[in-house]
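[1] predicted structure and sequence below. I'll ask about it afterward.
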Amino acid sequence: MPNFLKELIIHDYTSILDGVRVINNGSIQLALVLDKNDRLIGTITDGDVRRGLLGNISLQSPVSKIMVKNPITASINLSERQILNLMRLNNVRQIPVLDDSGKVVDVKTDEMLNENKIDNYVVIMAGGGGRRLKSLTYDTPKPLLH
């Protein structure tokens, strides 16, 4: 199991507050809830915590009260393209990848799988009402002024 996954692991009896700490310290906004045999039994995200708080569930309660018990997962046998399609189809930003025994071997995120990455960035120059440079910008756009 990769090191970054070890930092995401909690158990169903872990407090929600400790689960929030794991999510906050992790890099992918997700905590993986494992059973005693290290198999995935759920996940929690910021959204799950928010919904729990709105439902008056205490931060001291176990994560089992708010976790998604049947999270969308991918098989280790799927290609990255298939995993990305699964994520798009289910509108999820992270997806645990499981081996045949139900153990997490990786977590893919929409950022990792984005095959349409753009190497160049666009800067949109935007300003206010144009009052200070108004007379200068009748014939020349602001970015082209000397």
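    Structure received. Numbering: from 1, shown residues only.
[2] just give me the neighbour total for Val68.
    By the measure other CB atoms under 10 Å, the count of residues near Val68 is 15. For every residue, glycine as well, the C-beta is placed using N, CA and C.
[3] what's the answer for Gly42, then?
    By the criterion of other CB under 10 Å, Gly42 has 21 neighbours.
[4] equivalent analysis for Val49, please.
    Residues within reach of Val49, counting by other CB under 10 Å, total 20.
[5] how near is the closest residue to it other than its chain neighbours to Leu32?
    The spatially closest residue to Val49, leaving aside those adjacent along the chain, is Val20, at 5.7 Å (CB to CB, 6 or more residues apart in numbering). Using CB to CB, to the nearest Å, one gets 14 Å for the distance from Val20 to Leu32.
[6] in a helix, the residue nearest to Val49, correct?
    Yes: the assignment for Val20 by DSSP: H, G, I helix; E, B strand; the rest coil puts it in a helix.
[7] more neighbours: which of Val20 and Leu32?
    In terms of neighbours (other CB under 10 Å), Leu32 is the more surrounded of Val20 and Leu32; the figures are 26 against 16.
[8] and the residue nearest to Val49, how far from Leu59?
    The value you get for Val20 to Leu59, if CB to CB is used, is 7 Å.
[9] in this structure, which spans are helices?
    3-6, 16-25, 46-54, 80-90, 110-113 (DSSP state H).
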